[in-house]
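>>> Kindly generate the corresponding structure for this input.
(one chain, ligands or ions: 1)
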Amino acid sequence: MRRRFERRVQLLGIPEDLTGWSVLDLGAWHGYFSFECERRGADRVLAIDRFAWDRFGMDEFLAAHERLGSRVEHQHLDVHDLDPATLGQFDLVLFLGVFYHLRNPMAALERIAQVTRRLLICETHVLLPFIHERYPLVPFFPGDERADEQTHDLCGIPTMAALTEMLRFAGYGNVEVTYRPSFRYWKKLVALATNRPQSGRGIVHAKP
Ligand SMILES: C[S@@+](CC[C@H](N)C(=O)[O-])C[C@H]1O[C@@H](n2cnc3c(N)ncnc32)[C@H](O)[C@@H]1O
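This next block holds a predicted model:
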């Protein structure tokens with residue numbers, strides 16, 4: 001488990017030295033990345049979450065917070081309700097494993113863009129259909145609050161083309177793909193054989 005997170009930290013490209021940076025961790029859950037940013041010297045880290053903290057993930061976060069003697073701030077807040085007027089802006093915004101949970105991804109991305117001062121790091125599953133991977137496709141997903149009403153088993157996983165276009169339209173001027181799914185062509189063959197799109201990890205760095 002720990003090795004998996006260490007590999008993710010490497011792939012994400014979080015700056016080694018965050019001295020002078022403020023950080024907003026969206027969908028922080030257990031807080032691994034919030035605490036890692038604090039360890040890297042961030043001046044301020046704010047962790048927010050909703051569904052996991054409503055149900056089971058808050059205790060894990062608070063236990064780690066206490067064990068580490070952390071100064072990471074935390075707020076029970078939905079990404080859709082981010083308000084730049086009250087929160088201000090953050091130099092680094094982490095948006096890791098949250099995109100595909102969203103009910104209104106475009107509306108959420110616009111809010112996220114408004115609170116990003118320097119860099120957004122977005123990691124998500126991206127869609128790997130057999131064909132049409134270059135089209136901006138996102139399967140319909142009613143959001144976590146209504147996930148039980150979903151008629152297909154995929155959630156809101158975008159193709160890389162959809163993700164990068166949506167980030168541009170949300171207001172990011174500079175959008176760079178830093179990681180594409182591994183075993184991509186193998187997964188596309190599986191998509192053909194099963195008649196069902198597959199998915200893999202994608203990472204994008206976006207700057208205002
Ligand atoms: C797959 S986990 C990712 C946790 C962590 N960021 C990571 O990468 O390991 C998704 C997290 O996003 C949170 N989440 C989902 N939708 C959210 C929303 N609309 N607002 C805030 N948090 C949300 C969930 O509660 C959960 O903790």
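>>> how about the helices of the chain, start to end?
Taking DSSP state H as the criterion, the chain contains helices spanning 2-12, 32-39, 51-55, 58-68, 84-87, 105-114, 160-170, 184-194.
>>> Please tabulate these in TSV and include mean neighbour count and distance to Ile203 as additional columns.
Glycine gets a C-beta too; all of them are placed from N, C-alpha and C. Putting the helices of the chain into TSV (neighbours: other Cβ atoms under 10 Å; distance: least, Cβ to Cβ, whole Å) gives the following:
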stretch	mean neighbour count	distance to Ile203
helix 2-12	12	6
helix 32-39	22	13
helix 51-55	15	21
helix 58-68	14	23
helix 84-87	10	24
helix 105-114	20	16
helix 160-170	19	10
helix 184-194	14	14
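>>> Mean pLDDT and distance to the ligand added to these, as CSV?
Formatted as CSV, the helices of the chain follow (pLDDT from 0 to 100; distance: least, Cβ to the nearest ligand atom, whole Å):
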stretch, mean pLDDT, distance to the ligand
helix 2-12, 89, 7
helix 32-39, 98, 6
helix 51-55, 92, 3
helix 58-68, 96, 9
helix 84-87, 95, 13
helix 105-114, 98, 7
helix 160-170, 98, 15
helix 184-194, 96, 20
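>>> which stretch among the ones you listed comes nearest Phe140?
Closest of the helices of the chain to Phe140 is helix 105-114, at 11.0 Å (criterion: Cβ to Cβ).
>>> list the helices and strands that closest one packs on?
With contacts defined as 3 or more Cβ pairs under 8 Å, 6 or more residues apart in numbering; DSSP states H and E, helix 105-114 has these neighbours: helix 160-170.
>>> what's next to the helix it packs on, contact-wise?
For helix 160-170, contacts defined as Cβ atoms under 8 Å, 6 or more residues apart in numbering pick out 99, 105-106, 109-110, 112-113, 120, 122, 124, 126-127, 133-138, 158, 175, 177, 180, 202, 204, 206.
>>> relative orientation of it and helix 184-194 in degrees?
Per axes from the mean of the first three to the mean of the last three Cα atoms, to 10 degrees, the angle that helix 160-170 makes with helix 184-194 is 110 degrees.
>>> Many thanks, I have nothing further to ask.
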